[in-house]
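Trainee: missing the sequence, but the structure's below:
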């Protein structure tokens, strides 16, 4: 891993030398994530995951006969569609990226897709945009995601709560595409399973006081409060107000709330709570953790999916024999799924060699990649529980 990290930090120098000698091409890939905003505590590990894949490919020397891969970061903010589209436009028109790993939050991802990627014909592979609405968005075959739709997460949330005997919940969600889509998917699945949602109420991010929102939730009642929000924003504000007023003492947290920051914020105050985020205990997950070797938290939500998103872009380029999105977009589904040799983290050089030799690969990656339907993950989830002030794995679903 140290070798890979050195490769990442030295990539610009390597690329410059290679181009000067005229022996290699440079492939720029954008990484657009909310480095500021409501999920800023998890995006560094997402970006690091993507850059590990890029460094691994560059080090192999196998992409398009020795091309060097250069990551270019941009800030989506997660919530400001105008800022996100402007950042994506710069990645494409100024930096010349040939693909985008991202974006992260569903609203900005949809905005970039509609306003930038489609217009410029650039492939996007999101590791974390989960709104069900993205499954049917117009994309001209340019948009993929290694995270599952929240239509699936709503079912998994229902299973977790029902297995715990939680038959009634109050529900609050961040007032955007992600929050509303997830809230609707969950309520539909939960009620179909016999559960009762006593109230479903939006909350706005960026407020200093959520006592009014919590008052309404408490009045409706429920065995648990489901907080479909953001850990670095209103979601944590709602939890704090609920704890301080005694309205609720246990919670259920979807993926936007789960990170080390949640435990840092609340510790043992949320003992007895539960949650889930995309994740798997597949062999690829262990291989990814070993590859990272402690350089950052490889189990952080959406970090494995980010490694996989970047890997799919580069493997598809190799399959097409081209870095141009119009050429390689049709190859992403091919390299992601069977048939072919299974490929895991740390084996990207091997995969590139096999593709060059005309052989099929089945990219399994760090998150057990299997793309279905409109180019999105079929979906595996890590269920978590909170005990003794710590987040623990309960099981995988």
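Mentor: On my side now, so go ahead. Since this is a predicted model, take the numbers as computed values, not measurements.

Trainee: contacts and neighbour counts: CA atoms only from here.
Mentor: Noted.

Trainee: How is the chain divided into domains?
Mentor: Structural domains annotated on the chain: 24-149+282-377, 151-277+387-396, as defined by automatic domain parsing.

Trainee: What is the distance between the shortest one and the centre of its chain?
Mentor: If I follow you right, that is domain 151-277+387-396. In terms of CA atoms, centre = their mean, to the nearest Å, the centre of domain 151-277+387-396 is set 19 Å apart from its chain centre.

Trainee: Including mean pLDDT, could the domains of the chain go into JSON lines?
Mentor: Written out in JSON lines, the entries for the domains of the chain read as follows (pLDDT from 0 to 100):
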{"stretch": "domain 24-149+282-377", "mean pLDDT": "97"}
{"stretch": "domain 151-277+387-396", "mean pLDDT": "97"}
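
Trainee: Just say which of these is most tucked in.
Mentor: When you average the neighbours per residue for each of these (mean count of other CA atoms under 10 Å), domain 24-149+282-377 leads with a mean of 22.

Trainee: Can you show me the strands along the stretch 1-150 of the chain?
Mentor: Residue ranges of the strands in the stretch 1-150 of the chain, as given by DSSP state E, counting those that start in this stretch, are 26-33, 68-75, 100-102, 124-126, 143-148.

Trainee: out of these, which comes closest to residue 199?
Mentor: Proximity of those to residue 199 was assessed by CA to CA; the nearest stretch is strand 143-148, lying at 25.8 Å.

Trainee: Does anything pack onto the helix or strand following the closest one? Which helices or strands?
Mentor: Using DSSP states H and E, the helix or strand that follows strand 143-148 in sequence is helix 150-163. Taking 3 or more CA pairs under 8 Å, 6 or more residues apart in numbering; DSSP states H and E as contact, the helices and strands that helix 150-163 lies on are helix 177-192, strand 274-278.

Trainee: Just put those in CSV and tack on distance to residue 333.
Mentor: Below are the helices and strands packed on helix 150-163 laid out as CSV (distance: least, CA to CA, whole Å):
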stretch, distance to residue 333
helix 177-192, 25
strand 274-278, 20
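
Trainee: For residue 242, which of the ones you listed is the nearest?
Mentor: Comparison of these against residue 242 by CA to CA identifies strand 274-278 as nearest, at 15.9 Å.

Trainee: List the pairing partners of that closest one within its sheet, with orientation.
Mentor: For strand 274-278, the paired strands and their directions (DSSP bridges) are strand 251-253 (parallel), strand 381-387 (antiparallel).

Trainee: and those as JSON lines, adding distance to residue 33?
Mentor: Putting the strands paired with strand 274-278 into JSON lines (distance: least, CA to CA, whole Å) gives the following:
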{"stretch": "strand 251-253", "distance to residue 33": "21"}
{"stretch": "strand 381-387", "distance to residue 33": "22"}
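
Trainee: now for those, which one comes closest to residue 333?
Mentor: Among the strands paired with strand 274-278, strand 381-387 sits nearest to residue 333 (CA to CA), with 21.5 Å.

Trainee: ok, residues contacting that closest one?
Mentor: Strand 381-387 has contacts (CA atoms under 8 Å, 6 or more residues apart in numbering) with 156, 160, 268, 270-280, 391-397.

Trainee: distance of residue 51 from residue 163?
Mentor: When distances are taken as CA to CA, to the nearest Å, residue 51 and residue 163 turn out to be 38 Å apart.

Trainee: and if you look at residue 341?
Mentor: Using CA to CA, which is the criterion applied here, residue 341 is 37 Å from residue 163.
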